[in-house]
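Colleague: Just a sequence and a predicted model for now, questions to come.
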Amino acid sequence: DVAGRIEVHEMAVNNGVMTMRPLEKGLVIEPGKTVALAPGGYHLMLMELKSPLKQGDKLPVTLEFEKAGKVAVTLVVQAVGAKGPGGEGGSMMKQHDHSGMKM
């Protein structure tokens, strides 16, 4: 059991300095629009895990939306530097990008 908590963060680079900040009020997704969780932008940060994650692990997560309610999803743990669903890849630092959904 790796249970912990999830925070949604936003990553930005300003004047060559990378910053990450939690989105305390959540991530706004306009009606009919989509928001990608990907390296270099919004991402989920897993906090206070009880055990380390291993490549290939499947992690059940429940996302909570203001109007749509709770949605169960499964995240698959990939290797550091693996390409994301949109083909993004890079170092661990580039992949740290948190979004603001309530979890």
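Modeller: Looks like it came in fine. Here the structure is a predicted model, which means the values were calculated and not measured. Residues are numbered from 1 along each chain as shown.

Colleague: For the chain, give me the ranges with low pLDDT.
Modeller: 1-3, 83-103 (pLDDT under 70).

Colleague: Distance-wise, check the residue nearest the centre of the chain relative to I6.
Modeller: Most central in the chain under C-alpha atoms, centre = their mean is L44, positioned 2.0 Å from the mean C-alpha point. L44 is 5 Å from I6, where distance means C-beta to C-beta, to the nearest Å. Glycine gets a C-beta too; all of them are placed from N, C-alpha and C.

Colleague: all helices of the protein, in order?
Modeller: 92-95 (DSSP state H).

Colleague: Tell me where this structure has strands.
Modeller: 5-14, 17-22, 42-47, 58-65, 69-76 (DSSP state E).

Colleague: Return the distance of the residue located most distally from the centre of the chain relative to G26.
Modeller: Distance from the centre of the chain peaks at N15, with 23.8 Å (C-alpha atoms, centre = their mean). Counting by C-beta to C-beta, the separation of N15 from G26 is 27 Å.

Colleague: Same question for K67.
Modeller: 12 Å.

Colleague: neighbour-wise, which of these two wins?
Modeller: G26 (15 against 6; other C-beta atoms under 10 Å).

Colleague: In this structure that one contacts E10, no?
Modeller: No - G26 is not in contact with E10 according to C-beta atoms under 8 Å; the separation is 11.4 Å.

Colleague: correct me, but A36 touches L27?
Modeller: No - using C-beta under 8 Å, A36 is not in contact with L27; the gap is 10.9 Å.
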